[in-house]
Each structure stands twice: as C-alpha cells, then as structure tokens.
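Enquirer: can you look at this prediction? I've put the sequence above it.
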Amino acid sequence: MDLIAVLADAVRAAVGPQAAVFALAAVGLNLQFGYAGLMNFGQAGFMLVGGYGMTVSVTRYGAPLWLGVLVGLLMGFLLALLLGVPTLRLRGDYLAIATIAAAEILRLLFRSEAAAPLTYGVFGVQQFASDFYDLNPFGGGSYGIGRFSLSGGQLWIALVGWLLVAAAVALTALLVSSPWGRVIRAIRNDEEVVRALGKNTYAYKLQALALGGLMASVAGMVLALASQAITPDTYTADLSFYAFAVLLLGGVGRVLGPVVGAVLFWLLLAASDSLLRQAITSGVISDEVLSTSDVGPIRLALVGIALILFMYFRAGGLLSRRTPKTAATAKAEVAA
Amino acid sequence: MTSSPSGHETTRPILSAQGVQRRFGGLTAVDVDEFAVRGGTITALIGPNGAGKSTFFNVLTGFDRADAGAWQLEGREVTGLPAYRLARQGMVRTFQLTRSLADLTLEENVLLAAPGQRGEGIGGALFGRRSWRRQEADNTERARELLARFGLEQMAGQPAGVLSGGQRKLLEMARALMSEPRLLLLDEPMAGVNPRLVETLLDHIRQVRAEGTTILFVEHDMDVVADISDDVVCMAFGRVLATGTPAEVMRDPEVIDAYLGSDEADDDDPAHLAGKGRQP
C-alpha cells in the first residue's frame, strides 16, 4: 500500500477544478438556501444552462468565448426568472418541486433527438475549449511537488476556477454583511414579519435565487471547460444533491462553508477511492469481497456516512457557529 | 377616557373602510359596512372567537385579499395594496403569535425595521457602503434606545431565539416602533401574557399614543379593553355590531348577546360583563 499516493490523489482532487466547480455551485446554493432559505434542488439545471449556453454559442454560432460566457450567464438568469416568478409568491415547497423538475426536464430536453441539431444530443460535444486553453500561461509541462502534480492545462483551469470561487465568496461576504443580507436572513426566519416591516420579500427572494443561479451557471461553464466536453447526463439530479452535501459538510449560512465543504468532499471521495483501489489491487481486500468496479459506488456511500455523522455531531457543518451551544444552554447563559 | 380627544366627530379618521367583504366559499367571514379609526386614539376591535376580527385585520393590512370594499389611510386610497407597501405608508402590524426572527440578534431585529435603509438594495449594499454605514450608525443608536425603553438593552447582542414569550412581545413592539408607524396595529397583544406583563404592555401602548401614534388592536379580554381604549368596535359573525366608547359598547344588548352566545363568556352574566367595563 502506498499511502503517499493516496494522499497525492486526495490533494489533487481537493484543489482541482472539480472541487472548484462544486464550491461555486455550493456558494450559490448557500446564498439561496443558507441565507434566504430557498429550497433549490435544481442547481444542476442552472449548471446545465450555463455550460450549454457557453458551448453552443461557441460551437454552433462561432461566438468568441467571452460572448459564450455572457450567453451562459443570461441563460442562468432567465432560468431563475422562469422558476422564481411563478413560485416565490407561494410556500417554499413549490420552489423545491419546480426546481428539481425543471432540472430533470432540461436534461431530458437537451439529450433528446429533437434538440440534437442545437445541443448535440446524448453524446454532447468535445474539444470546444481551445480558445480557453490558448490563454494558458503555464504551457504543457507538469507542475507540482514530488508525487503531487498537475499538468499545465489542469493548473490553468483550476486557477481560473478557484479565482471565480474567490470572487463569488467575496461577493457573498459583502452582501450578507450588508443590510440586504440582514433582510434575506430575516426572510429565512419568517417572511411574513419581514413583509409587515415594509420589505418586498418577493423581490428579495428573486434576487437571491438569481444570484445563486448565476454562480451555478458559472460552475457549469467551468465544468465544461475543465473536461473539454459537455453531455446532458453530466448534469443529473445527483449534481444538485452533491451541492447540498458540500454545503452541509462545510457549513450552511457560513461564507466559507461551501469552500471548506467542497475541499472536504473531494478529499473524502478521492482518498477513499484511492485507498480502496490500492487495497484491492494489493490483495489487502480480496477481490472476491470487493472488485475495483465496486469502488465508485462505495466511495459515495462513505461520503454519505460522513454526512450522516456530521448531521449527528455537528449539524451546522464543519464551520458551524451554533451547534455546540444548544438553545437551552444559551438560555441559561442569558439567565446567568 | 384619559387624555384622548373627546367626542366622535372631532378628529379625522386615520383609517376608514367601506363595504369590506371577505368570503371563504359560501361563508362570509367579514362583511363590514363602515369602519373608522380616529387619529390619536387607541381603538379596540373586540368580538367573540370566530367573529372575523383577525380576518378583517389581515385584509386591512394586506395579508389577505378582500372580495369587495375600499379603505383609506390618512385619506389616501390604499385598497388592496400589498402588505409591504402599506407598511411603508405608515401602517405597521404585529402578529398574534409573536414572531421574532430567532437567528437575528435583538438589535438586528429592530434594525431591520428602520425605514429607508439604502443598503437594503443590492446596488446600495455593494456600492454605497459608506452611505449605508452612516445610516446604520444612526439607526443603531435609535434601536438601542428602543431596546432600552422595553428593558431589553442587556440582551441586544443575543439571538432573539433565547427570549421568553413575554420578552418577544416587547421586542415585537420595539421593532414595530422602529419603523415609525403612523398607525400601529396590534393583533391580540395580550394573548398568553402574564398579568404583570399585561400592565407593562398597556403602559407602553399608552406611551405610544402619547407620542402621537394611533393604535388599533384586536382583543377579546373585556377588562383590558375597558381599561385602555378610547373607542371600541365590536364584531360578531363578520359584521360590526356596535361602535362607541367602551362603556357604551359594553352596555349594548347586542354585544352582550354576542358574548353570551360564545363559549368564553359562559360564566359571565350580562350584569357582570357590563360591570367590568366600569372598573378602573
């Protein structure tokens, strides 16, 4: 068993573009769910329209990359309006249902034969990101220390991804510490009170949904660029649930929660993957018990177990502020 | 009663309503022909359970829609405006089951109600930081004063979730006052509150009136109503039964009937009920 290799795999995943993608989607979800209390189960849908908005503009219409990015953002914004305008006046459950359904409908629509002339159907399209990789300042070499290394291209997309994460986190931090943030946190607590105090809560919820959706669209673009490929089935409902898992691991309603969560999520996923594979190939675990093809699902089960443990011992995630202090002890403190 | 303007025609109504109806299927929950609140008074809206008080209250404040009717605030037509716009026009309500924003600190609870905070728009929040910070400093000072007035200043930094039921009532009132209402609507402010706190709340309500804010409150405890209100409006079966001073309304045979017909007055004989109105 080569534990250094396990560590290198884990670290590579935790700082790689995939983790940045998940962090971005979760930063958006944090704004929606963590602060405004909006149940958006369709983050994958926002990622899909972002990724496809960019890719289709570039490949079908020959648009430059920057224009593709703008189209992707516009698509994310329109999806937020489409989902939010009819449902945000209703109880929270309706948004949850609408978002999860819309994300699935979009995926099925984009993979359908009828839409293939625009969306390339089930197989999607590859190698559309040369404009992006032409800008790569790192060249083709390999960068890293010892066993841990990234290619120049990977380093480039990872850097761009994490810079975007930093921008999204900074925007969130500025907003939630402002009076605007106070209003959306109050809406999460009790929307009617906020309306009674003269705030147009509908507009606030729509803003939070749109901002979080835009961040997810950017995540979808980074995902497409990182893999130089886009297929509808990348954007399954699983992706939306991973975004929730990331947020819950890191800390709901904490500015850095999604970032910590994304790193933790990929660290857990990649370490267990690498460890299990090595254990099987080196015979520590007999391949009658477990074969390498079982590793994929098992590593996700391990992340699930970690999530359950978190819910039990640290319900607010790793960065939780409130968990150690129950309502009862806080009351006792006040009384004292 | 106390220092209120006497006579019914002397002050212009701050709130008036005509022909307000609210139906749920075949049931007409509210059917109010005429309703008015005189400026500068404490007006009580009373009636047995199920009389339609709360529904009427919700309709007026934009939390429920009306099927018919019109109402005006200080002479301005405000029929059917959404709740948040009514609040901005100076008509601010509280809730029967107190609603504190549990995750926000007491200070944040009160600051939330400050009118005209520019940092509450996304653009203002991001690009007008210096401007809203200045506003915030002024507002914080006022919020602290209000918290002190309601005896909550020591807990200003605590999340509102740790407050007791009674303290939440006080916080809710402080929050409503922060929004500088012209008309404060209190939905059963004394419900589920211990007798000592009722006195405190009544003192605060009188104080608010003395500062020039009109108060309309829903209540069904006759003692409380007789003690504090200038005007009383009694509702039953969705209609206004009687309007007048507390003593007038409580002598009204229809009102006595309505209260006797309901469960909560089971052990009150009419004489006793009317008598309550004259107690201090």
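Expert: In hand now; what should we look at?

Enquirer: switch to C-alpha atoms for all contacts and neighbour counts from now on
Expert: Will do.

Enquirer: mind checking which helix or strand B:Leu216 is in?
Expert: strand B:214-218 (DSSP states H and E).

Enquirer: looking only at pLDDT, what's the mean for that strand?
Expert: On average, the pLDDT along strand B:214-218 is 94.

Enquirer: repeat that for stretch B:132-148.
Expert: 95.

Enquirer: starting at the chain centroid, how far to it?
Expert: 24 Å (Cα atoms, centre = their mean, to the nearest Å).

Enquirer: name the residues of it that are buried.
Expert: Within stretch B:132-148, the residues that count as buried by 16 or more other Cα atoms under 10 Å in any protein chain shown are B:Trp132, B:Arg133, B:Glu136, B:Asn139, B:Thr140, B:Arg142, B:Ala143, B:Arg144, B:Glu145, B:Leu146, B:Leu147.

Enquirer: and what of stretch B:89-100?
Expert: B:Gln89, B:Gly90, B:Met91, B:Val92, B:Arg93, B:Thr94, B:Phe95, B:Gln96, B:Thr98, B:Arg99, B:Ser100.

Enquirer: ok, residues contacting that stretch?
Expert: Outside stretch B:89-100, the residues that touch it by Cα atoms under 8 Å, 6 or more residues apart in numbering or on different chains are A:190, A:193, A:196-197, B:61, B:73, B:86-87, B:109, B:160-161, B:165, B:168-169, B:171-173, B:176, B:179-189, B:191.

Enquirer: in CSV, list the C-alpha atoms belonging to the helix or strand that B:Asn139 is a member of.
Expert: Per DSSP H and E: B:Asn139 is located in helix B:129-149. The C-alpha coordinates for helix B:129-149 follow below in CSV (Å, rounded to 0.1, in the frame of the first residue of the first chain):
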residue,chain,number,x,y,z
ARG,B,129,-21.1,51.1,1.6
ARG,B,130,-20.1,54.4,3.2
SER,B,131,-23.6,55.8,2.9
TRP,B,132,-25.4,52.9,4.5
ARG,B,133,-22.8,52.6,7.2
ARG,B,134,-23.6,56.1,8.3
GLN,B,135,-27.3,55.4,8.2
GLU,B,136,-26.7,52.2,10.1
ALA,B,137,-24.8,54.0,12.9
ASP,B,138,-27.8,56.4,13.4
ASN,B,139,-30.3,53.6,13.3
THR,B,140,-28.3,51.6,15.8
GLU,B,141,-28.4,54.4,18.2
ARG,B,142,-32.2,54.6,17.9
ALA,B,143,-32.5,50.8,18.1
ARG,B,144,-30.6,50.8,21.3
GLU,B,145,-32.8,53.5,22.8
LEU,B,146,-35.9,51.5,21.8
LEU,B,147,-34.5,48.3,23.3
ALA,B,148,-33.7,50.2,26.5
ARG,B,149,-37.2,51.5,26.6
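
Enquirer: mind giving me the packing neighbours of it?
Expert: helix B:106-111, helix B:165-178 (3 or more Cα pairs under 8 Å, 6 or more residues apart in numbering or on different chains; DSSP states H and E).

Enquirer: turn those helices into CSV, columns for distance to B:Ala51.
Expert: Listed next are those as CSV, based on distance: least, Cα to Cα, whole Å:
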stretch, distance to B:Ala51
helix B:106-111, 32
helix B:165-178, 24
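
Enquirer: what about the longest helix in chain A?
Expert: helix A:201-227 (DSSP state H).
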